[in-house]
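> Have a look at this prediction, sequence included:
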Amino acid sequence: MSLKVFDLQCEHDHVFEGWFSSADSYDSQQARGLLSCPVCNSTAISKKLSAPRLNVSHIRAADAAPAQAPAKAGRAPVAAPAQAQMAKLQAEVLRQMREMVRNTENVGARFAEEARRIHEGETEERAIRGTATPDEREALASEGIAVMPIPDFLDDDRLQ
C-alpha cells in the first residue's frame, strides 16, 4: 500500500507530517475534524504546498547544485538541519515535554479548583495537570491563571 505524505500546519504555525492512504482520505478526515496538531492539539489544520518526493539519486550532486547567488546587503547566511537532524531534535523535544508532564501531579477533574487554590495561596505551589472544560479554561484565563492544553500523546495517563 502506498501512502500519501502531506506537510501539514496548524493555526499556530506548527508544521508536521500527516500520512494518508489517499488525498481523499486527508480531505475526509479534515472535513470530519479528525486532524489535530501533535504539539498544541489545534484542529485548525491546513495542507502546505510541498514538492513530490522523487528518486533522483542518479543525478550527480554537481548537476543538482544550484548556482550560488551573491549575498544581499543585510542578509546573513542561514542553514537548515538535515531531515535526520530535525527528526532527532523533534524526538528530543517530545521526550523532554513528556518528562515535564510526568513530573506534574494529576488532579483530574478538580483541575480548575486546584489551580485557583494554588493561585490564591491556599495550597503549596506545584505543577499540576488534569481536565477542564472550555468554560473552566476561559474562566481561569479571565482570573489571570495561566493554563495550557496538553496533547493526549504527552500524557502517559491518557495514552491508549
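Looks like it came in fine.
> what's the pLDDT at the spatially most central residue of the chain?
With distances taken as Cα atoms, centre = their mean, the residue of the chain nearest its centroid is residue 39 (2.1 Å). Residue 39 is assigned a predicted lDDT (pLDDT) of 82.
> now residue 156
67.
> Strands of the chain, start to end?
4-10, 15-20, 45-47, 105-108, 128-130 (DSSP state E).
> hey, which of these is tucked in deepest?
strand 128-130 (a mean of 20; mean count of other Cβ atoms under 10 Å). For every residue, glycine as well, the C-beta is placed using N, CA and C.
> Give the ranges of residues in the protein that sit below the confidence cut-off.
1-2, 50-74, 153, 155-160 (pLDDT under 70).
> which residues of it fall in helices?
23-31, 61-64, 83-102, 111-119, 134-142 (DSSP state H).
> Tell me which residues of the last one come out buried.
Within helix 134-142, the residues that qualify as buried by neighbour count (16 or more other Cβ atoms under 10 Å) are 136-137, 140.
> do the same with the third one
By neighbour count on 16+ other Cβ under 10 Å, the buried set for helix 83-102 is 98, 101.
> if we can go back for a sec, just give me the neighbour total for the residue lying closest to the residue nearest to the centre of the chain once chain neighbours are set aside.
Once flanking residues are discounted, residue 39 sits nearest to residue 14: 4.3 Å by Cβ to Cβ, 6 or more residues apart in numbering. Close neighbours of residue 14, defined as other Cβ atoms under 10 Å, add up to 14.
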